[in-house]
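J.: with the input below, show me the fold.
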Amino acid sequence: MFQSINESLLHFFNSFSAYTIVEKTVFIFADAPIFFIPLFFIVLWIFYGLKKERAKQEEILLIFYSILIAILITLIIQHFIHLKRPEDYLIGAGKLLINHVPDASFPSDHATVSLAFLTALFFANYKKTFWIFLPFALIMNISRIIAWVHWPFDILVGMIIGIFGSTVIFRFAKEKKAIKVLNSFLIKISQILKL
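T.: Below you'll find the predicted structure:
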């Protein structure tokens, strides 16, 4: 029953590929938004470093740790559970719109990273940035279903893991001495390297 719901949702989303505009643009939206996340880190890290705003740099590190924890959880799950992507499971039943590395489908790395990032932005009080990135993250994750590279369940579980990773960092690890020592070390290194 669960797989039939997963398949039905996949077919529903993939049906939007019948529209020319969707077919021609989904490859952009399925990948491009994820590349703004490293840009966010680089720009703000340099900006706060030049202004010598250590507290802000620590916030940026917490956002980074949130993504790191979430992606580590995803990699562990992928090591033990390897589910076929839709194009391998339902050969010829849908329309594959983007080429990708034939790696693990479950859970989605894109969904994990994007939701860890969004949740961390929210917890770090970057509310305006959160609202700017939110539609792009949602469109990206839906586009990956439309493009036939992920099951809806891959995206949903990736999102849950992303939210969980950020919650762990911001609710439980943020004030830990080890995190503060690591932050201090990384900020000092970046000052030495003039980053």
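J.: other SSEs contacting whichever helix in the chain runs longest?
T.: When the chain is parsed with DSSP state H, its longest helix is helix 54-80. Helix 54-80 sits against helix 36-50, helix 109-123, helix 152-167, helix 177-192, with contacts defined as 3 or more CB pairs under 8 Å, 6 or more residues apart in numbering; DSSP states H and E. From N, CA and C alone the C-beta is placed, and that goes for glycine too.
J.: center of this protein, which residue is that?
T.: Residue closest to the average C-alpha location in the chain (CA atoms, centre = their mean): V113, at 1.9 Å.
J.: just the helices and strands packed on helix 54-80: most buried one?
T.: helix 109-123 (a mean of 25; mean count of other CB atoms under 10 Å).
J.: how many neighbours does T74 have?
T.: Around T74 there are 24 other residues, counting by other CB atoms under 10 Å.
J.: quick one: contacts for it?
T.: 107, 109, 112, 158, 161 (CB atoms under 8 Å, 6 or more residues apart in numbering).
J.: tell me the two of these that are most distant?
T.: For the contacts of T74, the maximum inter-member distance is 9.9 Å, found between D109 and I161 (CB to CB).
J.: nearest to S8, out of the helices and strands packed on helix 54-80?
T.: S8 sits nearest to helix 152-167 of all the helices and strands packed on helix 54-80, at 9.1 Å, using CB to CB.
J.: fine by me, thanks again.
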